[in-house]
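Chemist: everything below, folded, please.
(chains A, B, C and D)
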2 protein chains.
Amino acid sequence: MVEDRKLAVLRAIVEDYVATQEPVGSKTLVERHRLGVSPATVRNDMAALEEEGLIAQPHTSAGRIPTDKGYRFFVDRLTTLKAMSPAEKRAISGFLEGAHDLDDVVQRSVRLLAQLTQQVAIVQYPSLARSTVRHIELVALSATRLLAVLIVSTGRVEQRVIEIPVELTDDLLSDLRHRLNSAAAGERIAEAATALGALADVVAPEASSTYTVVVAALVEAMSDHRSDERVVVGGTANLARFGDSFELTIKPVLEALEEHVVLLKLLGDATSTSQVTVRIGHEGPYDQLATTSVVSTGYGTSDDTLAALGIVGPTRMDYPGSMAAVRAVARYVSAHLEEA
Amino acid sequence: MVEDRKLAVLRAIVEDYVATQEPVGSKTLVERHRLGVSPATVRNDMAALEEEGLIAQPHTSAGRIPTDKGYRFFVDRLTTLKAMSPAEKRAISGFLEGAHDLDDVVQRSVRLLAQLTQQVAIVQYPSLARSTVRHIELVALSATRLLAVLIVSTGRVEQRVIEIPVELTDDLLSDLRHRLNSAAAGERIAEAATALGALADVVAPEASSTYTVVVAALVEAMSDHRSDERVVVGGTANLARFGDSFELTIKPVLEALEEHVVLLKLLGDATSTSQVTVRIGHEGPYDQLATTSVVSTGYGTSDDTLAALGIVGPTRMDYPGSMAAVRAVARYVSAHLEEA
DNA sequence: CTTGGCACTCCGCACCGTTGAGTGCCAAAC
DNA sequence: GTTTGGCACTCAACGGTGCGGAGTGCCAAG
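Modeler: Okay, here's the model as predicted:
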């Protein structure tokens, strides 16, 4: 009974603080939420909550704000994920509707997520490593230059321009094309790479040098993890709502957003789970981002998560709303990728 | 003689203000620049410059700062574009070296430009409309689904998944592929689109429905101006150096950077000229960006400018340096595109 | 366990004089 | 005619001071 009220108080503090961005005192609390008890009682509860490290006072004669631990508790125990309203659902699927390009899908997802959550959104490109080869195309640019194009199931396209040691003939080219595709098409990237390597023996000796460079370039493209590191950011303008000190809060975030490596680390383990993950303040790996939280999740086909997406915002954020939005967008994007 | 000194004073004011971000007074001015006259003389000159609207005082007992008109004068008449140092040149070409992808090139250019100028950098993707068709590829996904891939000279790749009304055969596919490529390959996008349309008659009647949908999809992809609107932004963290009021200066810029349409308007006419264009403060189309300037230029092959790139920063910026960097990067990127 | 009362703390704000950089103007010097 | 030193004036920035009020902790009574 008493314990229940304490949690209600914690919830009320979190909600109020998130809404007003100001430390919340006992009086305002009983006014805004029908707690049915007096401010004095609430004060006692607050003292207990502070004892447990769930809330804190910025200074003696101020109201309380939740600590990271308090938010954690709130997220883990006091939150049920809001479902999206039908209108929101329509908005989401409508927003993704017109995209025919992978770039398009990613770009739209970022905007969508940023708009829904009013935070900074991050979307990682689907990992090359976990997708399958759709097609390999070879285009002759000149007698000794070749463009190799690798088209992957998610819609990603990798290209390489290759210098060929001998002159190309149409026959050689179509033979090569055929061999490459029958070996690799439909395979997952890793298998495709080994399959291509294994082909080396079967080739007529006069073509083998050409073959070698082409395969090498393709394998290189397949194992190019740079492309896994591709990440898109949006909604930076939402940082304006922080209201916080620019130097202390916004600058580090902007800097982090510039560094894709950092972003990937922020999205972190989310890549490999379809659960929504929340990382609050100091729980993250960067001290400079001690006042920011990350809400992220993996997305991809039903079999497999391909990449992660999420949002970055102040620890003082609307967790239920953000989590719901992140989950919803991930689902819709996954569905969209599935059908394409 | 006297006129000359007045201009020297203007130049000194601009340079000092850019360096210190603080209004500059007559005394500091004679100390830092060897003007060979007394502060009182400088004060007279300043009064004259203020009369002409080239400088202004934020308040009565403060130093002077250049007006937009003052910067304009400085840029037009007092600036000679610094050449890049050999070290910088090496850095630039080295930075672009490893890029094999168009995405890569664009991405690297943005970072490069942001780093060189310490400002926010913007790079527009090469316009589809002004490039030529390199190759068209058709990949059968299933009996009635087809992936059409359009590869363009700049390295851009457009894809469309197409539902086919009748079952596909290998023969039909390779016939189609051959016809499409011989009609379109090497042509500029606009010509290619019409050439494809004109082919309609030549096709065997049983294939004509397939032909129609494929051509329609390709023409649609070619005339898709969304892709011309693609723009990449980098160096947002450099906004931190503004030191200016967040709400008044940084927020509007962040908002503008979110809107690609706005960005394209900012780059503006630069697309069609290889000259470096400077737009100072209120000269731009957005009132909210009255305290920011844009330095931009077109880039592309030697025959043709394909797109624009540039930087956005406070009106109080290092114009000679920024202009030199923008010009240099544009040149190197152009060269890089040329050879690929 | 809850509540009203009360003394206490301390932030935020407004007010205020001081300081100093910078100006404009003028009369003398070049 | 230009340049210069001198001088009075202006005004933002800064540090100190003094409330007012929100919020607390504690205690004794319900």
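
Chemist: from here on, just use CA atoms for contacts and neighbour counts.
Modeler: Fine.

Chemist: could you see whether chain B lies near stretch A:187-203?
Modeler: No: Stretch A:187-203 stays clear of chain B (Cα under 8 Å from any Cα of the partner chain), getting no nearer than 14.0 Å.

Chemist: can you list the buried residues in that stretch?
Modeler: Across stretch A:187-203, burial judged by 16 or more other Cα atoms under 10 Å in any protein chain shown covers A:187, A:188, A:189, A:190, A:192, A:193, A:195, A:196, A:197.

Chemist: centre of the chain versus the biggest helix by length in chain A, how much separation?
Modeler: Under DSSP state H, the helix in chain A containing the largest number of residues is helix A:319-339. Relative to the chain's own centre, helix A:319-339 is displaced by 11 Å; criterion: Cα atoms, centre = their mean, to the nearest Å.

Chemist: what are the contacting residues of the helix or strand containing residue A:134?
Modeler: Applying DSSP states H and E as the criterion places residue A:134 in strand A:133-142. Residues outside strand A:133-142 that contact it (Cα atoms under 8 Å, 6 or more residues apart in numbering or on different chains): A:146-153, A:168, A:173, A:177, A:180-181, A:184-189, A:192, B:135, B:137, B:139.

Chemist: one more pass at 7 Å, please.
Modeler: A:146-153, A:177, A:180-181, A:184-189 (Cα atoms under 7 Å, 6 or more residues apart in numbering or on different chains).

Chemist: list the pairing partners of it within its sheet, with orientation.
Modeler: strand A:145-152 (antiparallel) (DSSP bridges).

Chemist: just to revisit the earlier point, how about the strand holding residue A:134: buried residues?
Modeler: A:133, A:134, A:135, A:136, A:137, A:138, A:139, A:140.

Chemist: can you list the weak-confidence ranges in the stretch 151-300 of chain A?
Modeler: Across the stretch 151-300 of chain A, the ranges flagged by pLDDT under 70 are A:200-207, A:225-228, A:243-248.

Chemist: 90 instead, please
Modeler: Of all residues in the stretch 151-300 of chain A, those with pLDDT under 90 make up the ranges A:151-179, A:185-191, A:193-213, A:216, A:219-230, A:239-252, A:258-261, A:268-274, A:300.

Chemist: quick one, helices of it?
Modeler: A:170-184, A:189-198, A:208-222, A:251-258, A:260-267 (DSSP state H, counting those that start in this stretch).

Chemist: closest to residue B:14 out of those helices?
Modeler: helix A:251-258 (27.1 Å; Cα to Cα).

Chemist: got the angle for that closest one vs helix A:260-267?
Modeler: 100 degrees (axes from the mean of the first three to the mean of the last three Cα atoms, to 10 degrees).

Chemist: chain B: which of the buried residues of stretch A:187-203 is nearest?
Modeler: residue A:187 (14.0 Å; Cα to the nearest Cα).

Chemist: burial measure for the residue lying closest to that closest one once chain neighbours are set aside, as a count.
Modeler: Excluding its sequence neighbours, the residue lying closest to residue A:187 (Cα to Cα, 6 or more residues apart in numbering or on different chains) is residue A:132, at 5.2 Å. The local packing of residue A:132 (other Cα atoms under 10 Å in any protein chain shown) involves 20 other residues.

Chemist: which residues does residue A:132 bridge with?
Modeler: With DSSP bridges as the rule, residue A:132 is bridged to residue A:188.

Chemist: residue contacts, it?
Modeler: Here residue A:132 is in contact with A:152, A:153, A:186, A:187, A:188, A:189 (Cα under 7 Å, 6+ apart).

Chemist: okay if I get those as a markdown table plus distance to residue A:212?
Modeler: Below are the contacts of residue A:132 laid out as a markdown table (distance: Cα to Cα, whole Å):
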| residue | distance to residue A:212 |
| --- | --- |
| A:152 | 22 |
| A:153 | 25 |
| A:186 | 22 |
| A:187 | 20 |
| A:188 | 21 |
| A:189 | 18 |
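
Chemist: out of the buried residues of stretch A:187-203, which touch DNA strand C?
Modeler: Among these, not one lies near DNA strand C by Cα under 7 Å from any atom of the strand.

Chemist: same list, those residues, but as CSV with distance to residue B:47 please.
Modeler: Shown next, in CSV, are these (distance: Cα to Cα, whole Å):
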residue, distance to residue B:47
A:187, 76
A:188, 74
A:189, 71
A:190, 73
A:192, 75
A:193, 73
A:195, 79
A:196, 77
A:197, 77
